[in-house]
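> Output the structure for:
(2 chains)
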Amino acid sequence: MAVVVRFAPSPTGVLHIGSVRTALFNWLYARHNGGKFLLRIEDTDKLRSTEENAQSILRILKWLQLDWDGEPVIQSSCVERHKEVAHNLVKEGRAYFCNCSPEELALKKEAAIKDGKSYKYDGKCRENTTNYIEGKSVIRLRSDLTGATTLNDLVQGGIITENSQLDDLVLLRSDGTPTYMLSVVVDDHDMDITHVIRGDDHLTNTFRQIQIYQACGWNIPNFGHIPLIYGPDGAKLSKRHGAASAQDYIDLGYLSEAIFNYLLRLGWSHGDEEIIGRKDAVEWFDICDVGQSPARFDMAKLQNLNAHYMKARDNDSILECMKPFLKRELSDIQAQRIIRGMDSLKARAKTLVDLAESSLIYVTEPDGFDEGCVKYLMPENIDLLKDMIEIIQNSESIQQDSLLESAKSLANKNGVKLVEVAQALRSALCGRLVSPSVFEIIEILGKDETIHRIRRFISMDM
RNA sequence: GUCUCCUUCGUCUAGGGGUCUAGGACACCGCCCUUUCACGGCGGCAACACGGGUUCAAAUCCCGUAGGAGAUGCCA
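So this is what the prediction gives:
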């Protein structure tokens, strides 16, 4: 049987990082099995859905290279079909018109809670298949409330639920629009979905949906419910934990391959493998291997992975990725400097934000000096810097190895350690005490810029 | 409240009855490398939630307990 899966986000907000993982697992499952990965935009909540959100979801899937097959299905365009299915169900006696008002129901619910009982619709209108009141009636499924339903979940295993736990769910609202429960089932059936892989939060809904499948006389697809992603405190990951949307992580300076690898390893593993690229992921992934327990999001591990993938990228492509974080245009000479210094820069950065920040040394002279730099404006340090200016000026080549040797002998001559010379230079050139090798920086900056920055530093009054 | 699911180092996980004095990775700590900070190398700390069974043998199977999460909408 050919595998057909789908990712069905609703464009009522930004794409949650947990949804991205759901998309990833669906995509991997499809690609691993040579099946199809379809997309469905669930925009039936017209009030909250926006075109902008829909576009941003597509953009993020593209960013992660989770390519989908065919055109996305827009759920709102299937509404007539959903209605038709609901009304047919009434005709067949599998559903009915319920004329109970929301107020009436709310009262019953309140009473049930007061009695400490769980509320379920009492089936008052169960026999009504004829009296449809426009604008008032809803269509409810006549659920089978006897026996039990068994779900063989691909991730969670066998789960049995007593049907008596269910009640007659609403299929069509009083305004005539279909509910989510109906829409998903109809669309998944119409799209020939064979495997529904989705978040754990839908697990209990699945038993209701199975009843809809049965009422329609349709084949029930396979289900796989993947655990939700938690924040560091063990609650569902959300905005209050900081970054929760995919866009948040893009803005934080993470590479798509780092996100891909991190999300994949969250709840899934392949022996001791940690660094897993797309090719191996497709080859190794199986939904059955996804863990049953929820995982907490660990930013430190993501950062580690991101650092790895930044080093793995070639310098030109990493510069392109970093540009948006620079928030300024680069001249050719600035770009060339950054490229030359990139190997050293990359080794020190966890994110593109870090990288952009540290690359600034090749873009402009320091626009401020860290507190610790002041020390290097003491007379004896200024003398060292003046000597360095002379050395640099008189050097035929400012190749970093020879500069290092010169600095060593200068330090020696003055009875100080090399670190004194290096930190004085670092202060002058970078305005801070942390950077790649100062001699590398000098080599890349060139004689003129280096001497300019040192003189500027010496003349500073701090 | 009711129903459902989950529970191995701080975190992600390996483990599917004996090979477990429980393995890997991140984080953390120490050492080495070193002009700073990183990178890298080496080493260390650290876990089977608890209680009962089953078995010659249990992290692994079963049952409870506790804790956590989700669902219980005319939201999706």
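
> from here on, contacts and neighbour counts on C-alpha atoms
Noted.

> Pull the helix or strand bottoming out on mean pLDDT in chain A out as CSV, backbone CA atoms only.
Least confident element among the helices and strands of chain A, by mean pLDDT, DSSP states H and E: helix A:102-114 (a mean of 85). Listed next in CSV are the C-alpha coordinates belonging to helix A:102-114 (Å, rounded to 0.1, in the frame of the first residue of the first chain):
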residue,chain,number,x,y,z
PRO,A,102,-26.4,26.4,23.9
GLU,A,103,-27.9,27.9,27.1
GLU,A,104,-29.9,24.8,27.8
LEU,A,105,-26.7,22.7,27.4
ALA,A,106,-24.6,25.0,29.5
LEU,A,107,-27.1,24.6,32.3
LYS,A,108,-27.0,20.8,32.2
LYS,A,109,-23.3,20.9,32.1
GLU,A,110,-23.1,23.1,35.1
ALA,A,111,-25.5,20.8,37.0
ALA,A,112,-23.4,17.8,36.1
ILE,A,113,-20.2,19.4,37.3
LYS,A,114,-22.0,20.4,40.5
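
> Remind me what the helix or strand following it packs against, helices and strands.
Per DSSP states H and E, the first helix or strand lying C-terminal to helix A:102-114 is strand A:138-141. Here strand A:138-141 touches helix A:79-91, strand A:95-98, strand A:170-172, going by 3 or more C-alpha pairs under 8 Å, 6 or more residues apart in numbering; DSSP states H and E.

> quick revisit: residues of the least confident helix or strand of chain A that come out buried?
Buried residues in helix A:102-114, counted by 16 or more other C-alpha atoms under 10 Å: A:K108, A:K109.

> and it, is it in reach of RNA strand B?
Yes. Interface with RNA strand B: helix A:102-114 contributes A:P102 (C-alpha under 7 Å from any atom of the strand).

> Contacts made by stretch A:321-337 with the rest, please.
Identification of contacts with stretch A:321-337 by C-alpha atoms under 8 Å, 6 or more residues apart in numbering yields A:G253, A:L352, A:V353, A:L355, A:A356, A:E357, A:Y362, A:V363, A:I444, A:L445.

> how far is that stretch from where the chain is centred?
Its chain's average C-alpha position is 26 Å from that of stretch A:321-337, according to C-alpha atoms, centre = their mean, to the nearest Å.

> Ok, stretch A:51-58 next?
Stretch A:51-58 sits 15 Å away from the centroid of its parent chain (C-alpha atoms, centre = their mean).

> So for it, mean pLDDT?
Across stretch A:51-58, the average pLDDT comes to 95.

> mind exporting that stretch as CSV, just the C-alpha atoms?
Taking C-alpha atoms only, stretch A:51-58 is exported to CSV below (Å, rounded to 0.1, in the frame of the first residue of the first chain):
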residue,chain,number,x,y,z
GLU,A,51,-3.4,34.5,4.4
GLU,A,52,-0.2,35.9,5.9
ASN,A,53,0.0,33.1,8.4
ALA,A,54,-0.6,30.6,5.7
GLN,A,55,2.2,32.0,3.6
SER,A,56,4.5,32.1,6.5
ILE,A,57,3.8,28.4,7.2
LEU,A,58,4.7,27.5,3.6
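
> what's next to that stretch, contact-wise?
Residues outside stretch A:51-58 that contact it (C-alpha under 8 Å, 6+ apart) are A:S10, A:P11, A:T12, A:G13, A:V14, A:L15, A:I41.

> who in the stretch 201-350 of chain A is up against RNA strand B?
Near RNA strand B, when you scan the stretch 201-350 of chain A using C-alpha under 7 Å from any atom of the strand, you find A:201-205, A:228, A:232, A:234-236, A:265-274, A:289, A:291-298, A:300-302, A:304, A:308, A:344, A:347-349.

> Tell me the buried residues within the contacts of stretch A:321-337.
The neighbour count (16+ other C-alpha under 10 Å) marks A:G253, A:L352, A:V353, A:L355, A:A356, A:Y362, A:V363, A:I444, A:L445 as buried among the contacts of stretch A:321-337.

> ok, the residue in chain A that RNA strand B sits nearest to - contacts?
With C-alpha to the nearest atom of the strand as the measure, A:G267 is the residue of chain A nearest to RNA strand B, at 2.6 Å. Neighbour list for A:G267: A:P227, A:V290, A:G291, A:Q292, A:S293, A:P294, A:A295 [criterion: C-alpha under 8 Å, 6+ apart].
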